[in-house]
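**Q** For reference, the sequence and a predicted model appear below.
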Amino acid sequence: MVERPLYQWSASEIARAVSAGERRAHDVVKAFLLRIDDQNPRLNALRAVYHETACDRARALDQRLASGESVGRLAGVPVAIKDNLCLRSDYGSGDESPTTACGSRMLAGYRSPYTATAVQRLLDEDAIVVGTANMDEFGMGSSGEHCHFGVTRNPHDEERVPGGSSSGCAAALASGMVALALGSDTGGSVRQPAALTGTVGFKPSYGRVSRWGLVAYASSLDCVGPMARTVEDVALALEVISGADALDSTCSTRRAGSVFDSIDLPLDGLRIGVPVQARDEANDPSVNAALDRAIDSFRSIGAEVIDVEFKHVHQSVPAYYIVAPAEASSNLARYDGVRYGHRTLIDRSSSIEDLMARSRSEGFGPEVQRRIMLGTHTLSSGYYDAYYSRAMKMRRLVQQEFATLFATDPGPGCHAVLMPTTTGPAFRIGEKMDDPALMYREDLYTVAANLAGLPAISVPAGHAELEGKRLPIGVQLIGPAFEDARLLRIARRLEVQLAG
Amino acid sequence: MARLARLMPTDEQVERYRRELGDVLAWASALKEVDAEGLRPMAAPADAESHPQVRLDPDVPGVMLDRSKIDGIGPMVDDGFFVVPKVFGDGGA
């Protein structure tokens, strides 16, 4: 049997082989760096690559192993982190000193004095950050096109988008540049790009993973989420990054428990709910086919699959596009040309208002400015009740709908809800750029989990054949709050069954 | 609206944003059709009703980062102070 190239190995395979001394961490990292050099110039997935730093860290890890020291659970695993997760500037030196730019001119050159908790936990387990991944500016986008550092391309068809906002993470995973990535998901930003690139993206329960060091977009929706090529890898990463954090008071103190080791435990009496609204007329036929494939897979392992109602799936999107920009308009007020980031050139006659407005207009791209103004409008006196207050009530309704689906008495007692992740395969670069409302509908199936704070995962479930290209399609599973481990077990079962 | 948001769009951008935001708000008006009577607004999943296990810390100030490291972040810092134009009066750097 011909051995697969190292860059195709999963994170758990790499960690196992490195820990057992079967592979040197340095060889692993070199293999991935070579792959990056080959793929990244075309795909623009990684904004920064830490060649020397990653090699130095891998060599240090190999030395520790050679001297008999124990190593972490992610030993030698090459990782990309999204450009909105802080990585302390002394992670690398000289040209490799990291910046955290959030895909924005506003923060280009921003050197963080600290590292995000989730990233630090990966490093503490001997993962090796090899690059910073491009993203839609401040997480605002579903295509990877709204990025100051250029458009990221889908490895399955370079004329198409990889999804967003964790565009670079998804493209890097799908092209074998990294074995694991950390993204963030405010309205689907981990799951949608995972679906469009044939990778796995997991949004944990709100509060499961610390947000410390994740640059804020919409704080009540933002989640750090692992991305990988297998459910098993996502489980491993979740186990490492989850758990209480003194630096984030919204992070739950509930014990995370075993996720990775329990991934193959049996699931008896599994019940999956499929909303009748999941077959929206906007769906591409390939999406409905993927959904059917997933339903058949669950039935073939003895799970009960039932039709359920999720009446407000359509209204969840406008609710999200009121709540998220409202929070963004507050969060992004900190970028004023004084304390952080871009500052315009001013003369002696300039006022502080000039400084702020000009710095912000130069630093933020059009989509960010659009959402800030939208949020400012919906929070303003006279419109608050009509929009923001109503959206928060809609949010409660979405949460209650899910609670009913998961409840047993009264309720169908679903262990997970199965839906598409997207309405279609990856779209062409530029196709939706001139119509924000059309682009926002891309998030039809993903925003509800964020509004309700629930764990949700996208798993590859087939392909669409389009113009001679095979474009991945994903399906999504959503579970009850803090049932992340069980949801991953369900997803793992689906993944194995679909592969068979 | 741009002034409130501390933004300075060009005339051309103003026209574009006006059209696009109008479209988005018209689309968001679908929320008005939902019967939300009696529902308690939900600001975050971390509220006590949804996830009682999420903690609320006492609001006690503490030292988070060494000030010298923060000074390096600002685009214009002088002797530990962020430099801004004159706040009151007719401007002036």
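**A** Now that the structure is in, tell me what you want to look at.
**Q** Can you read off the pLDDT for the residue in chain B sticking out farthest from the centre?
**A** Distance from the C-alpha centroid of chain B peaks at B:Asp35, with 29.0 Å (CA atoms, centre = their mean). On pLDDT, B:Asp35 comes in at 88.
**Q** quick one: contacts for A:Ala228?
**A** The neighbours of A:Ala228, taking CB atoms under 8 Å, 6 or more residues apart in numbering or on different chains as the test, are A:10-11, A:173, A:179-181, A:199-200, A:234, A:237. C-beta coordinates here come from the backbone N, C-alpha and C atoms, glycine included.
**Q** Any regions of the chain where pLDDT drops low?
**A** Defaulting to chain A. By pLDDT under 70, the low-scoring segments of chain A are A:1-2.
**Q** you looked at the wrong chain, it should be chain B
**A** For chain B, the ranges with pLDDT under 70 are B:46-56, B:89-93.
**Q** In it, which residue sits closest to chain A?
**A** Closest approach between chain B and chain A, counting by CB to the nearest CB: B:Pro45, at 2.5 Å.
**Q** Could you report the neighbour count for the residue lying closest to A:Leu270 once chain neighbours are set aside?
**A** Residue nearest to A:Leu270 in three dimensions, not counting chain neighbours: A:Ala303, with 4.0 Å by CB to CB, 6 or more residues apart in numbering or on different chains. A:Ala303 has 23 neighbouring residues, counting by other CB atoms under 10 Å in any protein chain shown.
**Q** picking up where we left off before, wouldn't the residue of chain B closest to chain A be in contact with A:Pro455 here?
**A** No - the pair B:Pro45 / A:Pro455 is not scored as a contact, 11.2 Å apart, by CB atoms under 8 Å.
**Q** what's the neighbour count on B:Lys86?
**A** For B:Lys86, the neighbour count with other CB under 10 Å is 13.
**Q** That one and A:Ile352 touch, don't they?
**A** Yes - assessed by CB under 8 Å, B:Lys86 is found in contact with A:Ile352 at 7.5 Å.
**Q** hmm, back to that, torsion angles phi and psi at the residue nearest to A:Leu270?
**A** When read as degrees, to the nearest 10, the backbone of A:Ala303 gives phi -80, psi 150.
**Q** so what's it up against?
**A** Residues counted as contacts of A:Ala303 (CB under 8 Å, 6+ apart) are A:267, A:270-272.
**Q** Do a quick rundown of the helices in chain B.
**A** Taking DSSP state H as the criterion, chain B carries its helices at B:11-28, B:67-71.
**Q** Mean neighbour count, those: which tops it?
**A** helix B:11-28 (a mean of 15; mean count of other CB atoms under 10 Å in any protein chain shown).
**Q** That one: how far from the chain's middle?
**A** With CA atoms, centre = their mean, to the nearest Å as the basis, helix B:11-28 stands 20 Å off its chain's centre.
**Q** is that helix anywhere near chain A?
**A** Yes - Helix B:11-28 comes into contact with chain A (CB under 8 Å from any CB of the partner chain), by way of B:13, B:17, B:20-21, B:23-25, B:27-28.
**Q** Tell me which other helices or strands that helix touches.
**A** Helices and strands touching helix B:11-28, by 3 or more CB pairs under 8 Å, 6 or more residues apart in numbering or on different chains; DSSP states H and E, are helix A:313-331, helix A:366-379, helix A:436-440.
**Q** Which element, helix or strand, includes the residue of the stretch 51-200 of chain A found nearest chain B?
**A** For the stretch 51-200 of chain A and chain B, the shortest gap (CB to the nearest CB) falls at A:Pro113, measuring 3.9 Å. Assigned by DSSP states H and E, A:Pro113 belongs to neither a helix nor a strand.
**Q** do A:Phe202 as well
**A** A:Phe202 belongs to strand A:200-203, assigned by DSSP H and E.
**Q** same check, this time on A:Thr132
**A** Under the criterion of DSSP H and E, A:Thr132 resides in strand A:128-133.
**Q** Listing partners with orientation, what would you give for that strand?
**A** Next to strand A:128-133 in the sheet, as set by DSSP bridges, lie strand A:46-49 (antiparallel), strand A:78-82 (parallel).
**Q** Looking at the ones you listed, which is nearest to A:Gly430?
**A** strand A:46-49 (20.9 Å; CB to CB).
**Q** can you give me the strands in chain B?
**A** Counting by DSSP state E, one finds strands in chain B at the ranges B:77-78, B:81-82.
**Q** Throw those strands into a markdown table and include mean neighbour count, thanks.
**A** Formatted as a markdown table, the strands of chain B follow (neighbours: other CB atoms under 10 Å in any protein chain shown):
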| stretch | mean neighbour count |
| --- | --- |
| strand B:77-78 | 12 |
| strand B:81-82 | 12 |
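**Q** With distance to A:Val28 added, can I get these in a markdown table?
**A** As requested, the strands of chain B are exported to a markdown table (distance: least, CB to CB, whole Å):
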| stretch | distance to A:Val28 |
| --- | --- |
| strand B:77-78 | 42 |
| strand B:81-82 | 44 |
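**Q** my guess is A:Val161 contacts A:Ser143, does it?
**A** Yes - between A:Val161 and A:Ser143 there is a contact at 4.0 Å, judged by CB under 8 Å.
**Q** Overlap in contacts, the two.
**A** Taking CB under 8 Å, 6+ apart as the criterion, A:Val161 and A:Ser143 both touch A:167, A:427, A:429.
**Q** Cross those residues against helices and list the overlap.
**A** A:Ser167.
**Q** Pick the one among the shared contacts of A:Val161 and A:Ser143 closest to B:Pro61.
**A** Once CB to CB is applied, the member of these that ends up nearest B:Pro61 is A:Ser167, at 38.4 Å.
**Q** How is the closest residue to that closest one other than its chain neighbours assigned, secondary-structure-wise?
**A** Closest residue to A:Ser167 apart from its sequence neighbours, by CB to CB, 6+ apart: A:Gly144 at 2.7 Å. Following DSSP: H, G, I helix; E, B strand; the rest coil, A:Gly144 is assigned to coil.
**Q** Now for A:Gly144, how many residues are close by?
**A** Using other CB under 10 Å as the criterion, the residues surrounding A:Gly144 number 32.
**Q** In stretch A:62-77, which residues are buried?
**A** Going by neighbour count (16 or more other CB atoms under 10 Å in any protein chain shown), the buried part of stretch A:62-77 is A:62, A:64-65, A:71-77.
**Q** same deal with stretch A:126-137?
**A** For stretch A:126-137, the neighbour count (16+ other CB under 10 Å) marks A:126-137 as buried.
**Q** which of those residues lies closest to A:Arg42?
**A** A:Asn134 (13.2 Å).
**Q** which ones are touching the closest one?
**A** A:44-47, A:83, A:103, A:144, A:147, A:149-150, A:152, A:167-168.
**Q** Just give the closest residue to it, not the sequence neighbours.
**A** A:Gly168 (3.5 Å).
**Q** who touches that neighbour in this structure?
**A** A:44-47, A:80, A:82-83, A:132-135, A:144, A:152, A:162.
**Q** Farthest-apart pair in those, please.
**A** A:Thr132 and A:Pro162 (15.9 Å).
**Q** re earlier: out of the buried residues of stretch A:126-137, what pair is the most spread apart?
**A** Among the buried residues of stretch A:126-137, the pair separated by the greatest distance (CB to CB) is A:Asp126 and A:Glu137, at 31.9 Å.
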